[in-house]
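Undergrad: Here is a sequence with its predicted model. Questions after.
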Amino acid sequence: MKIALIAHDKKKDEIIRLAIEYKDVLSAHELYATGTTGTLIMGETALPIHRMKSGPLGGDQQIGAMLADGNLDLVIFLRDPLTAQPHEPDVSALLRLCDVQAIPLATNLQSARVMLEALKNHVCFE
């Protein structure tokens, strides 16, 4: 599967811990991430990740283009709902594309764990 990993600034530590916890699961898949998130996860896990630009600099739109083209199978986007994001329209568009394309989307730590546990147990999302 092709999996996108994205996290707002205040959720970066959570996504790193998640990637460490599920490193064995994630290593069996092709990973994509926005710039800073991808760099941080790679630094802590050594997982190979295709990095896009930083979210506010177009990375969310790059991930969105992949979604629109049917090139992603799962998105884990740990969002910070309590902090205004300057690129909120891009975030909203990305979430909408997941719905349009029927791509599973986890927006918080617990939903991400549910999806990664499903992958761990070989449940298919397709």
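TA: That came in fine, so what should we check first? Numbers count the residues shown, from 1 in each chain.

Undergrad: Okay, strands next: where are they in the protein?
TA: In chain order, the chain shows strands spanning 2-7, 30-33, 49-51, 74-78, 105-106, with DSSP state E as the criterion.

Undergrad: Which one of those strands lies nearest to residue 23?
TA: Of all these, it is strand 30-33 that lies closest to residue 23, at 10.8 Å by CB to CB. C-beta coordinates here come from the backbone N, C-alpha and C atoms, glycine included.

Undergrad: For the lengthiest helix in the chain, buried residues please.
TA: For the chain, the helix with the greatest residue count under DSSP state H is helix 88-101. Residues of helix 88-101 classed as buried: 90-91, 94-95, 97-98, 101 (neighbour count, 16 or more other CB atoms under 10 Å).

Undergrad: of all those, which comes closest to residue 82?
TA: When these are compared for distance to residue 82 (CB to CB), residue 91 wins out at 14.0 Å.

Undergrad: For that closest one, give me its contacts.
TA: 55, 60, 77, 79, 85 (CB atoms under 8 Å, 6 or more residues apart in numbering).

Undergrad: Kindly report the same for residue 30.
TA: With CB under 8 Å, 6+ apart as the criterion, the residues that contact residue 30 are 1-3, 50.

Undergrad: what is it paired to in the beta sheet?
TA: Beta-bridge pairing of residue 30, defined through DSSP bridges, involves residue 2.

Undergrad: pLDDT wise, what is it at?
TA: What the model reports for residue 30 is a pLDDT of 98.

Undergrad: Then residue 60?
TA: With respect to pLDDT, residue 60 has a value of 89.

Undergrad: separation between it and residue 13?
TA: When CB to CB, to the nearest Å is applied, the distance between residue 60 and residue 13 equals 20 Å.

Undergrad: So for the two, which residue has more residues nearby?
TA: Neighbours per residue (other CB atoms under 10 Å) separate residue 60 from residue 13, with residue 60 holding more: 27 against 12.

Undergrad: Which secondary structure element of the chain has the lowest mean pLDDT?
TA: None of the helices or strands of the chain scores lower by mean pLDDT, DSSP states H and E than helix 88-101, at a mean of 90.
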